[in-house]
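Visitor: This is a predicted model, with the sequence first.
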Amino acid sequence: MNGERRRAFTLVEMLIVMGIIGILVALLFPTIRTARLAAERTEAQRAVVAVETAMNAYQNEYGRFPLQTSGSADKEYAGAEYISLIRILRGLDATWNPKGTPFLDVPEKKLTSEGRLQDPWDSDLRVFADFDNNREINAGPYGTIRARPVLVWSQGPDRLDAQPTNRLDDITSWGS
């Protein structure tokens, strides 16, 4: 071979290259996690706004909120009522939405098997309506919110009610 020697990677050089690649990948993980959380927050914000808009559109159409009866006080839709609310807003309940108007357009893949619309962290959205039309709602841990007929929020990644120490991750329709 005319005195030419082919030089190949030694095991040590290969391990160094693999170590550098590993460090670079490890540096990307926080960035990927931050981007994923931002995407989830955006998805939750879209859902919150969509439900608030649907509730206001329903109220404009029928002159009352879904499941509102005369003399009702402000209400949070929870449990079975939340499932009914989503069905009504989607135009699937002829009793409360006789025109069948779909006020809320949600892809089936975004709903649970029970028909719940949940945030990216698998929690139901919290929905409150001002049934007594006094332009204020007692929003549980947030206290009284004024000048809004509907309040919607996601409890965020921690899935906890808003307390002064953990409100920062909540996504609200009123810009807490």
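Guide: Looks like it came in fine.
Visitor: For residue 159, which non-adjacent residue is closest in space?
Guide: Nearest residue to residue 159, sequence neighbours excluded (Cβ to Cβ, 6 or more residues apart in numbering): residue 123, at 5.0 Å. Where C-beta positions appear, they are placed from N, C-alpha and C, glycine not excepted.
Visitor: That neighbour and residue 18, how far apart?
Guide: 41 Å (Cβ to Cβ, to the nearest Å).
Visitor: more neighbours, these two?
Guide: Comparing residue 123 with residue 18 by other Cβ atoms under 10 Å, the one with more neighbours is residue 123, at 17 against 10.
Visitor: Contacts only, for that one.
Guide: By Cβ atoms under 8 Å, 6 or more residues apart in numbering, the residues touching residue 123 are 154, 155, 159.
Visitor: need the contact list for the residue nearest in space to the middle of the chain.
Guide: With distances taken as Cα atoms, centre = their mean, residue 44 lies nearest the centre of the chain, 2.6 Å away. If you count contacts by Cβ under 8 Å, 6+ apart, residue 44 has them with 119, 120, 121, 154, 156, 171.
Visitor: Following the chain past the lengthiest helix in the chain, name the next helix or strand.
Guide: When the chain is parsed with DSSP state H, its longest helix is helix 11-62. Following helix 11-62 in sequence order, the next helix or strand is strand 75-77 (DSSP states H and E).
Visitor: Buried ones in the helix or strand just after that following strand, by neighbour count?
Guide: Using DSSP H and E, the helix or strand that follows strand 75-77 towards the C-terminus is helix 80-89. Neighbour counts over helix 80-89 (16 or more other Cβ atoms under 10 Å) mark 82, 83, 84, 85, 86, 87, 88, 89 as buried.
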